[in-house]
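Colleague: the following comprises the amino acid sequence and a computationally predicted model.
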Amino acid sequence: MIADLNKNKGCIMLFEFTDEQKMIQKMVKEFTKNEIKPLDMEMDRNGFNDELWKKIKENGLLGIPLPEEYGGAGGNAVTGALALREISRGSASVAVTLDAHWLATDIVFHHGTREQKEKYLHKASEDSIFAFALTEPSAGSDAAGIQSSAEFDGTHWVLNGTKAWITNGGISDLYIILAKTDEKKSTKGISAFLVEAETPGFSVGKKEDKMGIRGSMTSELIMNNIKLTKESLLGKVGDGFKIAMMALDGARISISAIALGLSEAAREIAVDYAIQRTAFGRPIAQHQSVQNMIANMDIGIRNTELMMFDTARMKDLEKRHTKEAAMLKIYSSETTMQTCKDAIQILGGNGYSRDYHVERYLRDAKIFEIGEGTSEILRMLVGSMSLNK
Ligand SMILES: Cc1cc2nc3c(=O)[nH]c(=O)nc-3n(C[C@H](O)[C@H](O)[C@H](O)COP(=O)(O)OP(=O)(O)OC[C@H]3O[C@@H](n4cnc5c(N)ncnc54)[C@H](O)[C@@H]3O)c2cc1C
């Protein structure tokens, strides 16, 4: 069965989606059109929109990839990718907020105890936003170099440190925080903790004034002698780095779905404009240089789509997808940067105006080459995996 006939781009994709996936995609598409897209420009100016997020929670979007036993929609990585792609066509900021939430909930689902899952995952499906906190002011790419520490005092874990650039910082109810539990060890000296926003000693620091995805919240987190019970440890002591890296493999599929949706949104504006705008007596779409830019957009979009669903399928089949997810993320982020840049070029002076959206898309697109592993770090990962077989 041919599952998706994208008439708009004249391409067929031979990839089968289930009826449930198609239903969720349709629901998300409608919701995006009616509720998210109209607010995209407003969020770029005024930031995270509380009223919209109330509706997102009421409509069950928080729990799309979580099993029904935890109140979710029972989706998987393919479903999540379908949903984030649709949402990103309306607002990359909203999609990034959900991506960070899903990254954190995926960790609780895969590594939490039965009690931790019961305690947190129902909330994650219904009304609580989660965040994932690895990066620090002095350690981003070099994640093993984090300095936040957790010491066990006989009854409690005591956490100290600062996290930087945390998506959903300040709007989350639960934070997954990575901290050093053994100074002498490198990656194996890092553990993961569940930290509730109300925990004494936990506070939110500087809110970042960002170039793009301005409708998402990004903040510093401060931990000052936070006391956590033993039950706050996620996974085993020393497993934190492994847990984080596994989760990031999956998150790179999600971030690529967002990049894809943004590319498609930019392409749509560029194509409509190219058909209507005339120069030298004919629509600019008939000028070869403009057609070339549109052709390149389509090549990038189609390749991203194919790589993305294939990698999501690998995740759903529980096959290791570290290299594939890294390649996908490099490709999708570079494709969306070029697509948004070319969309501005096709719109000429109007492309440079805030009124035509594509300048915002370019600002939004830049994050995909940085967050969840920069292109440089991911190329190193792909290269080393290619050579060390
Ligand atoms: C909007 C936004 C949201 C974010 N959300 C989160 C979040 O929710 N949770 C979280 O934990 N983090 C988050 N981050 C942090 C993000 O993951 C880091 O910014 C990213 O990993 C890069 O780290 P850095 O900023 O410290 O850059 P650095 O590591 O300092 O790197 C700076 C530059 O040097 C390059 N570089 C570094 N090392 C090498 C090397 N060995 N070889 C070649 N080049 C190298 C990098 O590629 C980059 O170009 C977010 C960041 C942003 C901007």
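Modeller: Happy to help now that I have it. Numbers count the residues shown, from 1 in each chain.
Colleague: quick one: mean pLDDT for the strand or helix carrying residue 221?
Modeller: If you go by DSSP states H and E, residue 221 is part of strand 218-228. Strand 218-228 carries an average pLDDT of 98.
Colleague: swap in stretch 263-274?
Modeller: Mean per-residue pLDDT for stretch 263-274: 98.
Colleague: quick one: contacts of it?
Modeller: Identification of contacts with stretch 263-274 by C-beta atoms under 8 Å, 6 or more residues apart in numbering yields 8, 85, 88-90, 283-285, 290, 293-294, 297-298, 300-301, 304, 332, 335-336, 339-340, 342-343, 346-347, 350, 356-358, 361. Where C-beta positions appear, they are placed from N, C-alpha and C, glycine not excepted.
Colleague: what about 7 Å?
Modeller: Stretch 263-274 has contacts (C-beta atoms under 7 Å, 6 or more residues apart in numbering) with 89, 283-285, 290, 294, 297, 300-301, 304, 335-336, 339-340, 342-343, 346-347, 356-358, 361.
Colleague: what about the residue of the stretch 101-250 of the chain at minimum distance from the ligand, neighbour count?
Modeller: Residue of the stretch 101-250 of the chain nearest the ligand, by C-beta to the nearest ligand atom: residue 140 (1.9 Å). Using other C-beta atoms under 10 Å, residue 140 is surrounded by 18 other residues.
Colleague: contacting residues around it?
Modeller: Under the criterion of C-beta under 7 Å, 6+ apart, residue 140 has no contact partners.
Colleague: now residue 300, nearest residue through space, not along the chain?
Modeller: Of all residues not flanking residue 300 in the chain, residue 335 sits nearest, at 3.5 Å (C-beta to C-beta, 6 or more residues apart in numbering).
Colleague: please disregard the earlier target; I meant residue 74.
Modeller: residue 68 (4.6 Å).
Colleague: residue 29 too?
Modeller: residue 86 is the one closest to residue 29 (C-beta to C-beta, 6+ apart), at 4.7 Å.
Colleague: you'd agree that neighbour is in a strand?
Modeller: No: using DSSP: H, G, I helix; E, B strand; the rest coil, the assignment for residue 86 is helix, not a strand.
Colleague: and it, how far is that from the ligand?
Modeller: 21 Å (C-beta to the nearest ligand atom, to the nearest Å).
Colleague: what is the neighbour count of that residue?
Modeller: As a burial measure, residue 86 scores 24 neighbours (other C-beta under 10 Å).
Colleague: so what's it up against?
Modeller: Contacts here follow C-beta under 7 Å, 6+ apart; on that basis residue 86 touches 25, 28, 29, 32, 261.
Colleague: near the ligand, which residues of the chain show up?
Modeller: Within the chain, the positions near the ligand by C-beta under 6 Å from any ligand atom are 100, 132-135, 140-142, 165-167, 210, 218, 367, 370-372, 374, 376-377, 380.
Colleague: how about the strands in the protein?
Modeller: Assigned by DSSP state E, the chain shows strands spanning 4-6, 11-13, 130-133, 149-152, 157-167, 174-180, 190-196, 202-207, 218-228, 233-234, 278-279, 282-283.
Colleague: how many residues are close by residue 260?
Modeller: Residues lying near residue 260 (other C-beta under 10 Å) number 29.
Colleague: how close does it sit to the ligand?
Modeller: Taking C-beta to the nearest ligand atom, one finds residue 260 at 18 Å from the ligand.
Colleague: chain neighbours aside, what residue packs nearest to that residue?
Modeller: The shortest distance from residue 260 to any non-neighbouring residue, by C-beta to C-beta, 6+ apart, is to residue 304 (4.8 Å).
Colleague: who touches the one you found in this structure?
Modeller: The contact partners of residue 304, by C-beta under 7 Å, 6+ apart, come to 256, 259, 260, 263, 331, 332, 335.
Colleague: those residues: which two are farthest apart?
Modeller: Using C-beta to C-beta, the pair of the contacts of residue 304 lying farthest apart is 263 and 331, separated by 11.0 Å.
Colleague: and these two? Which one has more around it.
Modeller: Set side by side, residue 263 and residue 331 show more neighbours around residue 263, with 31 against 18, by other C-beta under 10 Å.
Colleague: and that one, how far from the ligand?
Modeller: Going from residue 263 to the ligand by C-beta to the nearest ligand atom gives 19 Å.
Colleague: not counting its neighbours along the chain, what's nearest residue 363?
Modeller: Nearest to residue 363 is residue 212, by C-beta to C-beta, 6+ apart, at 3.5 Å.
Colleague: residues touching the one you found, list them.
Modeller: Applying C-beta under 7 Å, 6+ apart, the residues near residue 212 are 363, 364, 366, 367.
Colleague: switch the cut-off to 10 Å
Modeller: Contact partners of residue 212, counting by C-beta atoms under 10 Å, 6 or more residues apart in numbering, are 44, 92-93, 96, 262, 360-368.
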